[in-house]
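>>> Sequence below, structure please.
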Amino acid sequence: MPERSYPALEELISLPFYRYPCVSDDGRTIAYVKLLSDWKENAFVGQIWVYDSELDSAFPVTPIESKGSIPQWAPDSEGLAFLSRVGPDNNKKAQLFVKRNLLEAPIQLTDCVDDVCSYTWASDGTGLFFATPAGEPDYMKKRRERVGDIEYHDREYRNNCIRFVSIDRKINKKNERYFHPEKLKEESSKENKEDDVSELLIDGKDYHVLSLRPSRDGKMLLFSAAPNPNPEFSDDADFYALDLIKKSVRKLSIGTLIDAYGFDFSPDSSSICYGVASGDGEWYSNWVIQVLDLDSGNKRTLNGGVDESLSPIRWTERGILVSWWDRTKTALGLLDVEKNIITRVDDRESSAYYLSVDCYGDTVGMIAARANESFDVHFGSKTITGNTAALSKKRLAKRSLVRWKSTDGVEIEGVLITPDDFDGNQKHPLLVIVHGGPLWLSLPAITLDGCYPREKFAEKGFVMLEPNYRGSTGYGESFRKLNLRNLGIGDYQDVISGVDFLIDQGIADPERIGIMGWSQGGYISAFCATYCDRFRAASVGAGISDWETYYCLTDIHQFTRKYLKSTPWDDKEIFEKTSPISYIKNAKTPTLIQHGDSDQRVPFPNALKLYQGLRDMGVEVELVVFKGMQHSGNKPGVVRAIMHQNFVWFCHHLLGEPMEDFHFEHLGKNTSKSQK
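From the prediction side, this is the model:
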């Protein structure tokens, strides 16, 4: 029998990603998206699958080419709606489709000029409400014809409006066109065919609609909306109630929303629940559940005694199902609204995201993984997809949790990743992998973040440490606040103390240490690479190099104001103290920089500034620019390139292996075959 091998990069990237589980109200079925790697087309493609618990079988309900996403069951648990991208290859838009039952072909309900951004079923199942950008005003069209395509920055927006489409009306219109083709010519001259089959409910002039949900009795449509699409104003999002009978709208004025998409009606439609930030209302504050009585306007704030951020999943007949992070595990509980008590309902000891539940609160669906497992779709107590089973045939790195004290005495937890034949009596080259966020965390599950090939590193004998540094999710509000006005400095202390812990344990070789990270993790990697000379090599993925540059150019300016508590004009010192570029004259660490030139979250000039500074200091540096890429890789080929470059970079600098393969001279040998 041949010896088991570690999985190749292509095998890891070809593992399906699972998204958007949706449990039917009767608890019998779950729909979900299976995201596959199409190597021939160099694209990730989504396919809608359904698992039927009575048949104990999973099957696709859309073709791969449909690129389906975000399935939602109808109230009768028979119909299924989803989004699919259709149109010309260079201008595909997300349109709304519905299958009235799983045996029928899907019906395209919308033909919008822009994407359908969000949608929800009507309570009676006769149609769907959806949000899409409003049409371009006539004056903008005329201006473009006269003077060209110009933009008044932060002044002119196309807000999302709300429309309703009746399924029967759409079918009747389709039949009318089929039996009366003479009408096609007349309709084709109209600029927006969608006006003929859907009803405009909210024009979007006063606010930008984000998410929708109808009351159970069908009398009201609740929607969240921000002043405009600019993320700078996302903190000003609020809830609005549309009376579907009177066609009137009222603002509910709930406070500082933490999730404009997570809300629900009570079973009797008298109240709503949603998440708000507690205390000073900042992003790093605990998120609590607020319940609003729609008649009286009275509000109750509930946390069930949990010192973490609660996310409402659904208001079921048994209570509000909520989730939160308990260190690296996901906790589920039913919140009793009257008693403000949470009863735990899940004991699988796993990390989970994208949760869904039936209307009774009996059957939960999720994307979850236990330690040393891969993420799969779980429905009730059953695992219905096979990523973990497929990987069980391979050699895999081992993951465990370790804890140490940072330099100021704060306890830090992290994930230690070791080869499957790990010898604790030997010193190993060490790689530190820093998660993004900071409101996120590293998990002991087998994750593919699209950046760092952990299994390939393990095959080479590397030990890896993923620290859940101060500010990470899962460790309570006080822990999350420890990096306020302390970005970089506190993070470095948590990282380097973890490195010293492993050196003291005799596990890590102090002469062979590398660090890497993406986004906030890229920032921390850049800070560590310039702040000290402890690392033999570094990789900075989409990282911040200078907080002033970032503040001026990012699409979320408020992030910097929240964590540094100022602007560069009012407190230049804190911006300099926490910026990697401020320590550039100390830099000695060979650094790989990877960045997309279309990144709006961490704009590309951050990479250019770090690159030029390192060059001027005579430090070895490689800048790889991914053309057209935004904040992360969105194509299998790009993901493979990012992972391959990191693998070669650290094998060269820590193991002395050659760099010839860094620039992909090997490509073309085995990449033409489609691996759907």
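>>> buried set for the top helix by length along the chain?
Of all segments of type helix in the chain, defined using DSSP state H, the longest is helix 636-655. Of the residues in helix 636-655, 636-654 count as buried by neighbour count, 16 or more other C-beta atoms under 10 Å. In short, each C-beta sits where N, CA and C put it, glycine included.
>>> cool, and stretch 212-232?
Within stretch 212-232, the residues that count as buried by 16+ other C-beta under 10 Å are 212-216, 218, 220-228, 231.
>>> Max pairwise distance over those residues: which two?
For these, the farthest-apart pair by C-beta to C-beta is 218 and 231; their separation is 33.0 Å.
>>> Spell out the residue ranges of the helices in the chain.
9-14, 138-147, 167-179, 182-188, 387-391, 454-459, 477-480, 489-504, 520-531, 547-553, 557-564, 572-577, 605-616, 636-655.
>>> Looking at those, which one is packed in the most?
helix 520-531 (a mean of 29; mean count of other C-beta atoms under 10 Å).
>>> how many degrees apart are that helix and helix 557-564 in direction?
50 degrees (axes from the mean of the first three to the mean of the last three C-alpha atoms, to 10 degrees).
>>> what mean pLDDT would you report for helix 520-531?
In this model, helix 520-531 carries a mean pLDDT of 98.
>>> So what's the gap between that helix and the chain middle?
Computed by C-alpha atoms, centre = their mean, to the nearest Å, the separation of helix 520-531 from the middle of its chain amounts to 22 Å.
>>> What residues are bridge-paired with the nearest residue to residue 65 once chain neighbours are set aside?
Once flanking residues are discounted, residue 65 sits nearest to residue 45: 7.3 Å by C-beta to C-beta, 6 or more residues apart in numbering. For residue 45, the beta-bridge partners under DSSP bridges are residue 36.
>>> thought residue 45 was touching residue 64?
Yes - using C-beta atoms under 8 Å, residue 45 is in contact with residue 64, at 5.2 Å.
>>> Low-confidence ranges, the stretch 251-400 of the chain, go.
255-258, 260 (pLDDT under 70).
>>> hey, where'd the strands end up in it?
With strands called from DSSP state E, counting those that start in this stretch, the stretch 251-400 of the chain shows them at 263-265, 271-277, 287-293, 299-302, 311-316, 319-326, 329-336, 341-344, 351-357, 364-369, 376-379, 382-383, 398-405.
>>> Let me have the ones you listed in JSON lines, extended by distance to residue 412 and mean neighbour count.
Below are the strands of the stretch 251-400 of the chain laid out as JSON lines (distance: least, C-beta to C-beta, whole Å; neighbours: other C-beta atoms under 10 Å):
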{"stretch": "strand 263-265", "distance to residue 412": "34", "mean neighbour count": "21"}
{"stretch": "strand 271-277", "distance to residue 412": "25", "mean neighbour count": "22"}
{"stretch": "strand 287-293", "distance to residue 412": "23", "mean neighbour count": "20"}
{"stretch": "strand 299-302", "distance to residue 412": "30", "mean neighbour count": "16"}
{"stretch": "strand 311-316", "distance to residue 412": "24", "mean neighbour count": "20"}
{"stretch": "strand 319-326", "distance to residue 412": "16", "mean neighbour count": "22"}
{"stretch": "strand 329-336", "distance to residue 412": "17", "mean neighbour count": "20"}
{"stretch": "strand 341-344", "distance to residue 412": "26", "mean neighbour count": "15"}
{"stretch": "strand 351-357", "distance to residue 412": "18", "mean neighbour count": "22"}
{"stretch": "strand 364-369", "distance to residue 412": "22", "mean neighbour count": "26"}
{"stretch": "strand 376-379", "distance to residue 412": "29", "mean neighbour count": "24"}
{"stretch": "strand 382-383", "distance to residue 412": "32", "mean neighbour count": "14"}
{"stretch": "strand 398-405", "distance to residue 412": "6", "mean neighbour count": "16"}
